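Novice: Structure of the sequence below:
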Amino acid sequence: MSEYVIAIDQGTTSSRAIVFDHAGDIVSTGQMEHQQIFPNAGWVEHDATEIWNNVREVIAVALAGGNLTRHDIVAVGITNQRETTVIWDKHTGVPVYNAIVWQDTRTQDIVEELSADGGVDRYKQRVGLPLAPYFSGTKIKWILDNVEGVRARAEAGDLLFGNTDTWVTWNLTGGTDGGVHITDVTNASRTLFMDLETLQWDAQILADFGVPASMMPAIKSSSEVYGHVHSSQLLREVPIAGILGDQQAATFGQAAFEAGEAKNTYGTGCFLIFNTGTEIVRSTNGLLTTLGYKLGDAAPVYALEGSIAVAGSLVQWLRDSIGMISSAAEVEVLASKVKDNGGVYIVPAFSGLFAPYWRADARGAIVGLTRYANKNHIARAALESTAFQTREVLDAVNADSGVPLTELKVDGGMVANDGLMQFQADLLGVPVIRPKVTETTALGAAYAAGLAVGFWKDLGELGANWSEDKRWEPLMEPAERDRQMRLWKKAVTRTFDWVDEDVR
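Specialist: Prediction:
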């Protein structure tokens with residue numbers, strides 16, 4: 001009998017199940033998109049029940065695609081959109097409100113309220129994060145404060161919180177029939193509530209937010225057996241043995257296990273993670289200090305992260321909201337029709353600006369428009385915005401670490417775009433490297449689960465699976481690189497201070 005690991009990748013726009021073999025190659029896949037809900041400007045929600053139903057469906061599709069049964073699967077790994085907040089009734093399994101997505105900006109008032117005493121860095125020494133709408137903590141507080149009856153139910157001990165890893169795990173392990181309420185250190189580190197040193201919930205911060213500790217999941221490592229799939233599910237009795245937030249999972253899947261190694265994922269957003277080993281490095285340049293991973297009882301591995309809110313979702317916006325393209329792939333075709341951006345720059349601050357600026361008052365802008373500009377220039381500017389943002393984050397990483405990167409490993413859906421990857425290498429001045437298996441997020445979750453059950457024996461075996469597919473060497477002259485960055489930074493400043501008392 002062949003043996004495989006299945007990874008559930010519960011992402012921002014879709015849920016996937018991917019089966020991997022021992023070589024780390026994909027055997028079969030199932031995928032379903034879920035609805036993006038925008039009730040008001042700046043609000044982004046998902047239907048958590050729809051997500052759970054889709055997860056069950058994609059598991060079935062992946063098993064059928066590989067002609068597999070539960071007996072062929074040795075472990076389940078889970079990776080997920082981080083910070084997206086679900087609160088549900090532990091007796092009924094029904095969410096009390098839609099999941100509030102990581103991109104959502106409605107909680108800026110809560111940030112301002114909490115930062116009145118100590119500023120936005122009030123808790124940063126303990127949790128590695130500034131106060132910002134991005135993280136789960138403010139979203140939990142918003143639901144408790146604004147959904148009728150919810151705070152009383154939470155204080156009575158009837159409600160549970162989790163990011164989508166916790167929600168999926170609880171349901172897979174039985175839900176109201178004995179579901180396991182846990183999360184891993186990487187997801188816990190995105191809440192604003194976990195102490196980086198103790199890896200436990202900080203009781204004082206929970207109290208400051210007014211969040212009952214009874215809602216919070218138990219914090220576990222990223223690689224251990226948390227429980228088994230419930231008898232009512234297709235994968236019944238298979239151990240759930242790995243959980244990593246999506247960006248940490250991609251880093252793990254890229255085999256960036258050593259301090260000084262880094263990767264950048266180009267997905268809905270864009271996230272650069274730099275491994276700092278067992279040392280907690282506190283950023284002074286606008287980066288986040290986060291957990292990279294923790295394997296069982298081993299010491300935790302930390303990381304610096306540069307989080308960019310909008311990358312691939314800008315292309316999605318051009319397709320769905322503007323109607324400029326009919327498919328995501330079309331943006332590369334249009335961009336290739338012009339030799340440069342024609343002086344057009346797009347700063348996609350739809351949810352404010354994340355790293356390294358952390359400006360919740362910013363909003364998106366297209367600048368440099370003239371009658372010369374056409375949709376090809378706009379398409380090119382949309383792609384280039386991701387590369388510009390990545391360069392700014394990498395500059396911050398270099399400043400914090402003191403060790404400039406010599407190459408950048410990349411993954412995610414946008415790395416199939418050769419033009420974008422070449423422009424990225426040009427802006428960075430270092431090689432950009434794409435692996436053969438680009439589904440590194442799901443692969444990382446599979447690796448974590450497989451390690452826990454002995455399917456893979458150690459990190460060395462995982463590293464041996466990694467192989468290079470393509471690299472792009474920088475071709476741009478340094479003077480032109482500097483000119484481009486100067487104009488980009490000028491464009492970014494035009495987005496500041498847009499949100500005030502009259503504009504949200």
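
Novice: chain center to the longest helix anywhere in the chain, what's the gap?
Specialist: If you go by DSSP state H, the chain has its longest helix at helix 375-401. Distance of helix 375-401 from the chain centroid (CA atoms, centre = their mean, to the nearest Å) equals 17 Å.

Novice: CA atoms only for the next helix or strand after that helix - export them in PDB, please.
Specialist: Counting by DSSP states H and E, the next helix or strand C-terminal to helix 375-401 is strand 408-411. Extracted in PDB, the C-alpha atoms of strand 408-411 (Å, rounded to 0.1, in the frame of the first residue of the first chain):
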ATOM      1  CA  LEU A 408      15.500  35.300  -2.700                       C
ATOM      2  CA  LYS A 409      13.400  32.100  -2.900                       C
ATOM      3  CA  VAL A 410       9.900  32.800  -4.200                       C
ATOM      4  CA  ASP A 411       6.600  30.900  -4.400                       C
END
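
Novice: tell me what strand 408-411 is packed against?
Specialist: Other helices and strands packing on strand 408-411, by 3 or more CB pairs under 8 Å, 6 or more residues apart in numbering; DSSP states H and E, are strand 262-266, helix 418-428, strand 432-435. From N, CA and C alone the C-beta is placed, and that goes for glycine too.

Novice: Please give the centre-to-centre distance between it and its chain.
Specialist: The answer for strand 408-411 is 15 Å, by CA atoms, centre = their mean.

Novice: by contact count, what packs against the longest helix of the chain?
Specialist: strand 262-266, strand 270-277, strand 301-308, helix 312-317, helix 330-335, strand 345-347, helix 418-428, helix 478-493.

Novice: Please point out which parts of that helix sit buried.
Specialist: Applying a neighbour-count criterion of 16 or more other CB atoms under 10 Å, one finds 375-397, 400-401 buried in helix 375-401.

Novice: model confidence over that helix, on average?
Specialist: For helix 375-401, the mean pLDDT works out to 92.

Novice: so it versus strand 270-277, what angle?
Specialist: Helix 375-401 and strand 270-277 are oriented at 20 degrees to each other (axes from the mean of the first three to the mean of the last three CA atoms, to 10 degrees).

Novice: show me where pLDDT drops low in this structure?
Specialist: Along the chain, the parts satisfying pLDDT under 70 run over 1-2, 501-504.

Novice: can I assume L487 is in contact with Y345?
Specialist: Yes - L487 lies in contact with Y345 (CB atoms under 8 Å); the separation is 6.4 Å.

Novice: count of residues packed around the closest residue to D411 other than its chain neighbours?
Specialist: Leaving aside its chain neighbours, D411 sits nearest to T440 (4.2 Å; criterion: CB to CB, 6 or more residues apart in numbering). Neighbourhood size, T440 [other CB atoms under 10 Å]: 28.

Novice: Contacts only, for T440.
Specialist: The contact partners of T440, by CB atoms under 8 Å, 6 or more residues apart in numbering, come to 249-250, 253-254, 263, 265, 411.

Novice: Mind doing that once more with 6 Å?
Specialist: The contact partners of T440, by CB atoms under 6 Å, 6 or more residues apart in numbering, come to 250, 253-254, 411.

Novice: so which of those residues is the most crowded?
Specialist: G253 (32 neighbours).

Novice: isn't it right next to L443, touching?
Specialist: Yes - G253 is within contact range of L443, at 3.7 Å (criterion: CB atoms under 6 Å).

Novice: Which residues does stretch 105-123 contact?
Specialist: Under CB under 6 Å, 6+ apart, the answer for stretch 105-123 is 42-43, 130-131, 133, 138, 141-142, 205, 351-352, 360.

Novice: what's the closest of those residues to V367?
Specialist: Using CB to CB, the shortest approach to V367 within these belongs to G352, at 17.3 Å.

Novice: From N275, how far off is the residue nearest to that closest one when sequence neighbours are not counted?
Specialist: Nearest non-adjacent residue to G352, counting by CB to CB, 6+ apart: A360, 4.0 Å away. Distance, A360 to N275, using CB to CB, to the nearest Å: 28 Å.

Novice: tell me which element F161 is part of?
Specialist: strand 159-162.

Novice: Which strands border that strand, and is each parallel or antiparallel?
Specialist: strand 86-89 (antiparallel) (DSSP bridges).

Novice: contact partners of the helix or strand that the partner strand is followed by?
Specialist: Using DSSP H and E, the helix or strand that follows strand 86-89 in sequence is strand 99-100. Around strand 99-100, the neighbours that count as contacts under CB under 6 Å, 6+ apart are 46, 48, 84-86, 139.

Novice: How many neighbouring residues does the residue nearest to P300 when sequence neighbours are not counted have?
Specialist: Excluding the flanking residues, the one nearest P300 by CB to CB, 6+ apart is K294, at 4.3 Å. Neighbourhood size, K294 [other CB under 10 Å]: 24.

Novice: tell me the contacts of K294?
Specialist: So K294 contacts 185, 221-222, 300 (CB under 6 Å, 6+ apart).

Novice: cool, and A381?
Specialist: 341, 344-346 are the contacts of A381 under CB under 6 Å, 6+ apart.

Novice: Out of those residues, grab the one that's most surrounded.
Specialist: Top of the contacts of A381 by neighbour count (other CB under 10 Å): I346, with 26 neighbours.

Novice: can you pull up the bridge partners for that one?
Specialist: I366.

Novice: Does it touch A382 like I think?
Specialist: Yes - assessed by CB under 6 Å, I346 is found in contact with A382 at 5.4 Å.

Novice: List phi and psi for V430.
Specialist: When read as degrees, to the nearest 10, the backbone of V430 gives phi -140, psi 160.

Novice: Quick check: closest non-adjacent residue to it.
Specialist: That would be E407: by CB to CB, 6+ apart, it lies 5.4 Å from V430.

Novice: dump the residue contacts of that neighbour.
Specialist: E407 neighbours (CB under 6 Å, 6+ apart): 430-431, 433.

Novice: And the residues you listed, which is closest to G460?
Specialist: Once CB to CB is applied, the member of the contacts of E407 that ends up nearest G460 is I433, at 20.0 Å.

Novice: who's the closest one bridged to?
Specialist: Going by DSSP bridges, I433 is paired in beta bridges with K409, R471.

Novice: Report the contact partners of it.
Specialist: So I433 contacts 407, 409, 468, 471 (CB under 6 Å, 6+ apart).

Novice: Next: L159.
Specialist: 87, 153, 215.

Novice: need the contact list for the first one.
Specialist: Contacts for I87 were tallied using CB under 6 Å, 6+ apart; they are 96, 143, 159, 161.

Novice: With the flanking residues excluded, which residue is spatially nearest to the last one?
Specialist: Spelled out, that is F161. In space, F161 is closest to M215, 4.3 Å off (CB to CB, 6+ apart).

Novice: Keeping just the C-alphas, turn stretch 166-180 into CSV.
Specialist: What follows is stretch 166-180, C-alpha atoms only, in CSV (Å, rounded to 0.1, in the frame of the first residue of the first chain):
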residue,chain,number,x,y,z
THR,A,166,-8.6,26.2,14.7
TRP,A,167,-12.1,26.2,13.0
VAL,A,168,-11.2,23.5,10.5
THR,A,169,-9.4,21.3,13.2
TRP,A,170,-12.3,21.6,15.6
ASN,A,171,-14.8,20.5,12.9
LEU,A,172,-12.6,17.7,11.5
THR,A,173,-12.1,16.2,15.0
GLY,A,174,-15.8,16.1,15.7
GLY,A,175,-17.0,19.7,16.4
THR,A,176,-19.7,19.5,19.0
ASP,A,177,-18.9,15.8,19.5
GLY,A,178,-15.5,16.2,21.1
GLY,A,179,-13.8,18.6,18.7
VAL,A,180,-10.3,19.6,19.6
